[in-house]
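Novice: Sequence unavailable; structure follows:
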């Protein structure tokens, strides 16, 4: 058996996360989007101080132009067509470039709430673990599914970050919990079944919110999550260079940032093309 | 036979290039590096006005973190390990995202001067053409090799951009021509064997050159190339946001820009990570 080996692998991985949180004064970032799957940009993120990276299958669908998708909403519909093998290849490449000290959590077909039945097998977890992943990025929306994934993942030394959302979310990226009471219940349950890092989906409407601030409901929900669990907490969705300090002020441990990086790289490229073409 | 179909395919492709040169006042850009192989950044480049894109195998080696390479010099040593099938997949994805009106020229194992024997077959040209390429980006360093590639490429409706270099170049990315006379000879020969676009490698030392300027030898060599051939001309190597106007002033038709885009995206990502982590 490899129980001991995998327990050790998980301890090392957990320490990477705890050390990053501590190093960055209580709140670090999980760098995703183009910084999670393109080795050039992952390397840049790490050189600038990022310690946690997340390649995921919808971002790879965008990177590869799979079926011509160019926006995340469309990528979410076809992300399950990116193979787990492809995600293992991406993970291996990122690991090769960033070295062993960076925490890598991976989104794969079946670790999200997919629109077609994608069942994960032991072989899938093994492939992702062997490719160099420390964890699995889980956007399942049912606690039973999460429990099954946690058990299989831990057998392969992979930690789990899973999320809590709202029943009205456009994409079901977490277990729905609409009230603070429900949120606390779900968070407790997640911790009990062994989820290693618990996150809150925060990608709701920011309309009418002052620049730099975030909605009160997000503050309240993050506060409730943080108070309820002992494991490190994450916020994912809507985090950008304008409002990240408001997120940090809630005391959440990890900000998941993807789209903001894509947008910033995109704008840098656009401005440079325009310069070369004499448009500015 | 498909002679007529392929002749038509090449006419359409050539017009994409001629129209871009004309639209941009005589000098356009061939956008490569991360803008050539990552569908997110290719889309951004095209939205900003780029009409010519170039995915290539060393850049894909960097994108995938293949064998842990993080700098172009190392990528050049192992680029042949990126399969032609992978390059066809990349090409298809970029084509899906940018649509039919963008000119796409592709670098594949065997279209460059490789360090191991990589022989291209008719099936390879067919695969790249079917994936949506308009042309092949050729960095062979011998006219006999280029002649063979031109013949096979044209049979599959693919145009060819090939290059002239110096015998002292670190990487043999072109047919060596050290004097102006040799350069004119090689350029004439290239045009005669049917190279559709002829480029000059300009990635030499820029030490001691005033900011914004380029070495006199590059100006002289570009001038000689432009005077000698009727086909559109390219400059590749060392072109950045500081010196591109000096390149445009030579009258060259196409600036090949890759590393400058990678560096700009990289710096944008780094600055943003530092901002999130409170380092700036």
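Specialist: Structure received. Since the model is a prediction, treat every value here as computed from it, not as a measurement. Residues are numbered from 1 along each chain as shown, chains lettered A, B, ... in the order given.
Novice: For the stretch 1-150 of chain A, just list every one of the helices.
Specialist: Applying DSSP state H, counting those that start in this stretch to the stretch 1-150 of chain A gives helices spanning A:3-23, A:34-37, A:39-47, A:57-63, A:72-78, A:84-98, A:122-130, A:143-155.
Novice: quick one, the longest one and helix A:143-155 angle?
Specialist: Between the axis of helix A:3-23 and that of helix A:143-155 there is an angle of 110 degrees, by axes from the mean of the first three to the mean of the last three Cα atoms, to 10 degrees.
Novice: and helix A:3-23, anywhere near chain B?
Specialist: No. Using Cβ under 8 Å from any Cβ of the partner chain, helix A:3-23 never reaches chain B; the gap is at least 8.9 Å. Placement of C-beta: from N, CA and C, glycine included.
Novice: now do the shortest one
Specialist: Yes. Helix A:34-37 comes into contact with chain B when judged by Cβ under 8 Å from any Cβ, the residues involved being A:34, A:35.
Novice: other SSEs contacting that helix?
Specialist: helix A:39-47, helix A:57-63, helix A:84-98, helix A:259-276, helix B:259-276 (3 or more Cβ pairs under 8 Å, 6 or more residues apart in numbering or on different chains; DSSP states H and E).
Novice: With respect to residue A:110, which of those lies nearest?
Specialist: In terms of Cβ to Cβ, the element of the helices and strands packed on helix A:34-37 nearest to residue A:110 is helix A:84-98, at 7.5 Å.
Novice: for that closest one, the distance to its chain's centre please.
Specialist: Mean-position distance between helix A:84-98 and its chain equals 16 Å (Cα atoms, centre = their mean, to the nearest Å).
Novice: Stretch A:271-280 now?
Specialist: Its chain's C-alpha centre lies 34 Å from the corresponding centre of stretch A:271-280 when counted by Cα atoms, centre = their mean.
Novice: repeat for stretch A:124-141
Specialist: Centroid separation for stretch A:124-141 versus its chain: 12 Å, with Cα atoms, centre = their mean.
Novice: what's the answer for stretch A:117-129, then?
Specialist: 18 Å.
Novice: is that stretch up against chain B anywhere?
Specialist: No. Contact between stretch A:117-129 and chain B is absent, the nearest approach being 15.9 Å (criterion: Cβ under 8 Å from any Cβ).
Novice: quick one: contacts of that stretch?
Specialist: Residues from elsewhere that reach stretch A:117-129 (Cβ atoms under 8 Å, 6 or more residues apart in numbering or on different chains): A:9, A:80, A:84-85, A:87-88, A:91, A:106, A:108-111, A:136, A:149, A:152-153, A:155-158.
Novice: now stretch A:142-157
Specialist: The contact list for stretch A:142-157, computed with Cβ under 8 Å, 6+ apart, reads A:5-7, A:9-10, A:13, A:111, A:113, A:120, A:122, A:125-126, A:128-129, A:135-136, A:138, A:140, A:159-160, A:162, A:175, A:186, A:189-190, A:193-195.
Novice: Which among those residues count as buried?
Specialist: Buried members of the contacts of stretch A:142-157, counted by 16 or more other Cβ atoms under 10 Å in any protein chain shown: A:6, A:9-10, A:13, A:111, A:113, A:120, A:125-126, A:128-129, A:135-136, A:138, A:140, A:159-160, A:162, A:175, A:186, A:190, A:193-195.
Novice: which residues of the stretch 1-150 of chain A score low on pLDDT?
Specialist: Within the stretch 1-150 of chain A, the segments meeting pLDDT under 70 span A:1.
Novice: Against which helices or strands is the top strand by length along chain A packed?
Specialist: Secondary structure assigned by DSSP state E gives strand A:159-165 as the longest strand of chain A. Secondary-structure packing of strand A:159-165 (3+ Cβ pairs under 8 Å, 6+ apart): helix A:3-23, strand A:135-138, helix A:143-155, strand A:175-176, helix A:180-192, strand A:197-201, strand A:233-236.
Novice: what about the fourth one, average pLDDT?
Specialist: For strand A:175-176, the mean pLDDT works out to 98.
Novice: Those residues of the stretch 151-280 of chain A touching chain B, which are they?
Specialist: By the rule Cβ under 8 Å from any Cβ, the part of the stretch 151-280 of chain A lying against chain B is A:241, A:244, A:255, A:257, A:260-262, A:264-279.
Novice: try it again with 6 Å
Specialist: Within reach of chain B by Cβ under 6 Å from any Cβ of the partner chain, the stretch 151-280 of chain A has these residues: A:241, A:244, A:264-266, A:268-270, A:272-277.
Novice: Buried ones only from those, please, as a ChimeraX command.
Specialist: Those of these that count as buried under 16+ other Cβ under 10 Å are selected in ChimeraX with:
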select /A:241,244,264,265,266,268,269,270,272,273,275,276,277
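Novice: Show me which of the residues of the stretch 151-280 of chain A next to chain B is closest to residue A:20.
Specialist: In terms of Cβ to Cβ, no member of these lies closer to residue A:20 than residue A:244, at 15.8 Å.
Novice: Quick check: the closest residue to that closest one other than its chain neighbours vs residue A:232, distance?
Specialist: Nearest residue to residue A:244 in three dimensions, chain neighbours excluded: residue B:276, at 5.6 Å (Cβ to Cβ, 6 or more residues apart in numbering or on different chains). Computed with Cβ to Cβ, to the nearest Å, the distance linking residue B:276 and residue A:232 is 17 Å.
Novice: For residue A:101, grab the count of nearby residues.
Specialist: By other Cβ atoms under 10 Å in any protein chain shown, the residues close to residue A:101 number 11.
Novice: Got phi/psi on it?
Specialist: With angles defined as degrees, to the nearest 10, residue A:101 sits at phi -90, psi 0.
Novice: For stretch A:11-20, list every residue counted as buried.
Specialist: Using 16+ other Cβ under 10 Å as the test for burial, stretch A:11-20 gives A:13, A:14, A:16, A:17, A:20.
Novice: from memory the last one sits against residue A:28, does it?
Specialist: Yes. Under the criterion of Cβ atoms under 6 Å, residue A:20 makes contact with residue A:28 at 4.3 Å.
Novice: Report the buried residues of stretch A:54-70.
Specialist: Neighbour counts over stretch A:54-70 (16+ other Cβ under 10 Å) mark A:54-66, A:68-70 as buried.
Novice: Can you say which of these are also within reach of chain B?
Specialist: A:62, A:63, A:64, A:65, A:68, A:70.
Novice: how deep is the nearest residue to the fifth one once chain neighbours are set aside tucked in, by neighbour count?
Specialist: Closest residue to residue A:68 in three dimensions, ignoring its sequence neighbours and counting by Cβ to Cβ, 6+ apart: residue B:96, at 3.7 Å. Residue B:96 sits with 17 neighbouring residues when counted by other Cβ under 10 Å.
Novice: Residue B:96 touches residue A:66, doesn't it?
Specialist: No. Using Cβ under 6 Å, residue B:96 makes no contact with residue A:66, being 7.7 Å away.
Novice: Heading C-terminal from the host helix or strand of residue A:248, find the next helix or strand.
Specialist: Per DSSP states H and E: residue A:248 is located in helix A:244-249. Using DSSP H and E, the helix or strand that follows helix A:244-249 in sequence is strand A:254-257.
Novice: Neighbouring strands - and their directions - for that next one?
Specialist: Strand pairing for strand A:254-257, determined by DSSP bridges: strand A:28-31 (parallel), strand A:233-236 (parallel).
Novice: And the contacts of that strand?
Specialist: Contacts with strand A:254-257, where a contact means Cβ atoms under 6 Å, 6 or more residues apart in numbering or on different chains, come from A:28, A:29, A:30, A:234, A:235, A:236, A:239, A:247.
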